[in-house]
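Enquirer: okay, structure incoming, though there's no sequence with it:
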């Protein structure tokens, strides 16, 4: 599914984020930047040890929830990995929406600062962090759409969703937010 926003293209695809031919891929990282399972584990496995070595060197204190940091992409086809830390779901009354949207905005801002014309996001916080996929779809897409409308960049923003459930949730949310 695709939507145009002025000079920008917003895409939803089902697939593997580690295979995306974009300038930057976003890692759903933990605050220690310590690697883990899910998207985080897949990115570190596919990109090799250079990613972890660089994050350990550059960010020994990790990254706060709602923010993002940048590293090499190692052997991935992207130029950079942007490590965005989303919130753990605690029922929706602990500022989770604001933190999730902030993580996406920080990722987009880092992409612009590093002259990335294209970026690929996963469904941050929807795995072991327990953020309900339907809510995450709406909350993350709202943040990205607002950013693209305001900044008119990056040129291509892609959500790479693992599995038909997440893809369907994001398609429904995008259709509600930006009807054809």
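Expert: Done, it's in. Small disclaimer: the values here were computed from a predicted structure and weren't measured.
Enquirer: all helices for the chain, in order.
Expert: 38-47, 49-58, 96-113, 133-151, 164-177 (DSSP state H).
Enquirer: from residue 176, how far out is the residue nearest to the spatial centre of the chain?
Expert: Geometric centre of the chain, nearest residue: residue 121, 3.2 Å, by C-alpha atoms, centre = their mean. Computed as C-beta to C-beta, to the nearest Å, the residue 121 to residue 176 distance reads 19 Å. C-betas here are computed from N, CA, C, even on glycine.
Enquirer: surely residue 141 meets residue 174?
Expert: Yes. Counting by C-beta atoms under 8 Å, residue 174 is a contact partner of residue 141 at 5.7 Å.
Enquirer: what's the overlap in contacts for these two?
Expert: Here residue 141 and residue 174 share no contacting residue, scored by C-beta atoms under 8 Å, 6 or more residues apart in numbering.
Enquirer: so residue 30 touches residue 38, yeah?
Expert: No. Using C-beta under 8 Å, residue 30 is not in contact with residue 38; the gap is 10.2 Å.
Enquirer: higher neighbour count, these two?
Expert: residue 30 (20 against 16; other C-beta atoms under 10 Å).
Enquirer: quick check on that one: phi, psi?
Expert: Dihedral pair for residue 30: phi -90, psi 160, per degrees, to the nearest 10.
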